[in-house]
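Q: Next comes the sequence, and after it the predicted model I'd like to discuss.
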Amino acid sequence: MKQKNAESFLKIAAVALLCLTLFSSCNQLRRWFGNEPERLAQIDKNILYRKDVESLIPGELSAVDSVNAANHYIDLWAIDNLLLRKAEQELSGDEKNVDQELADYRKSLLVFRYQKKYVEERIDTVISGEEAAAYYEANKALFILDDPLCKARFIKMGRQSPYLPIIKTIYRSNGMEDVAQLERLCESSAEVYKTYSNAWIGVSELAQDLPLGKDEVRNALRPDGYIETTDSLYTYLVSVYEFIPAGHPAPLEYKESNIKQIILSKRKQSLLKDLETEVLKEGWNRQMIKIYNKNED
């Protein structure tokens, strides 16, 4: 009898030990049977999975850059969770009560999404050239230039180029033959050749191509003028053939895209104002608004 009781006890103990072993290794079992993705990191109950990181890393990165990007994201994830852990430990109950902030944020987010939907369903995004021109003419004072604009040719050539002397003699000319010859020479010998014949260029953009500061370029630009400068390796040539000085209105074509954005923004504002009027009117008509007088209980 004692032997049978001992055998029963041993069987129960073995089963209990097996259950304990299985329970303690359930995470490993889930990974074996494919029920849990591969883990990369864990802080308390928060787990970062490989699939979450891989989805954020661009596929065109090299293997080394991918590893660096993954490590950087793991650090950010860890910092975020460790700060949250600290906040949970160090803040008082009142300090951790964010119910009102969450309610306010939810309200703002829902209102914003509805306003966005309302506008997108109603707005006319087509803006004619005539409408843009009319806005420009009525608001020229808004488009006064702080810096001059120009249409110009830009050439960057090696200082030792055998073609540099002849290019210097013709790059300021607007004659058809000179321009054609200039383009042929620049195509074969210039380091950089740009012609801004159909687009206005500002001082900041032009200064990016020159070994000069913005102020130097601004002071050098003149109507029908030119800029010649050098560094240790290159000669830089700029020939200006159209010019608008600072203090004058920018041309319509230079500001047309910006004007269309302004008109579109005004249309959105008008629709949102209409929405406010509609909901307020509906609220009064359906008696959803109750105003309490001071004398009312």
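A: Now that the structure is in, tell me what you want to look at. Not measured: the values here are computed from a predicted model.
Q: Grab the longest helix from the chain for me.
A: The longest helix of the chain (DSSP state H) is helix 252-285.
Q: Tell me where the model's unsure across the stretch 151-297 of the chain.
A: 294-297 (pLDDT under 70).
Q: Can you show me the helices along it?
A: 164-170, 176-189, 203-207, 214-220, 252-285 (DSSP state H, counting those that start in this stretch).
Q: could you say what helices and strands the longest one packs with?
A: Think helix 252-285. Applying 3 or more CB pairs under 8 Å, 6 or more residues apart in numbering; DSSP states H and E, one finds that helix 252-285 contacts helix 99-122, helix 129-138. For the C-beta atoms, the positions are set from N, CA and C on the backbone; glycine is no exception.
Q: next one: the second one
A: Counting contacts by 3+ CB pairs under 8 Å, 6+ apart, helix 176-189 packs against strand 149-158, helix 164-170, strand 192-195.
Q: Distance to residue 220 and mean neighbour count added to the ones you listed, as TSV?
A: Output for the helices and strands packed on helix 176-189, formatted as TSV (distance: least, CB to CB, whole Å; neighbours: other CB atoms under 10 Å):
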stretch	distance to residue 220	mean neighbour count
strand 149-158	11	21
helix 164-170	17	14
strand 192-195	17	16
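Q: Can you say which of these is nearest to residue 59?
A: Among the helices and strands packed on helix 176-189, strand 192-195 comes nearest to residue 59, with 33.3 Å by CB to CB.
Q: CA-only coordinates of the closest one, as PDB, when you get a sec.
A: Written as PDB, here are the backbone C-alpha positions of strand 192-195 (Å, rounded to 0.1, in the frame of the first residue of the first chain):
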ATOM      1  CA  VAL A 192      28.000  73.800 -65.400                       C
ATOM      2  CA  TYR A 193      25.800  75.700 -67.800                       C
ATOM      3  CA  LYS A 194      22.300  76.900 -66.800                       C
ATOM      4  CA  THR A 195      20.000  79.300 -68.600                       C
END
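Q: What's opposite residue 243 in the beta bridge?
A: Here residue 243 shows beta-bridge partners residue 150, assigned using DSSP bridges.
Q: just to revisit the earlier point, turn the helices and strands packed on helix 176-189 into CSV, including distance to residue 262.
A: Below are the helices and strands packed on helix 176-189 laid out as CSV (distance: least, CB to CB, whole Å):
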stretch, distance to residue 262
strand 149-158, 19
helix 164-170, 42
strand 192-195, 30
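Q: Nearest to residue 58, out of the ones you listed?
A: With CB to CB as the measure, strand 192-195 is the member of those nearest residue 58 (30.6 Å).
Q: where's residue 47, which helix or strand?
A: Under DSSP states H and E, the secondary-structure element containing residue 47 is strand 46-49.
Q: Could you list the buried residues of that strand?
A: The neighbour-count check on strand 46-49 (16 or more other CB atoms under 10 Å) flags residue 48 as buried.
Q: which helices and strands does it pack with?
A: strand 39-43, helix 63-90.
Q: Apply 6 Å and report the result again.
A: Contact here means 3 or more CB pairs under 6 Å, 6 or more residues apart in numbering; DSSP states H and E; on that basis strand 46-49 packs against strand 39-43.
Q: mind listing what the strand it packs on pairs with, with the direction of each?
A: Using DSSP bridges, strand 39-43 pairs in its sheet with strand 46-49 (antiparallel).
Q: which residues sit against the helix or strand following the strand it pairs with?
A: Sequence-wise, the next helix or strand downstream of strand 46-49 (DSSP H and E) is helix 50-54. If you take CB atoms under 6 Å, 6 or more residues apart in numbering as the criterion, helix 50-54 is touched by 37, 38, 40, 70, 73.
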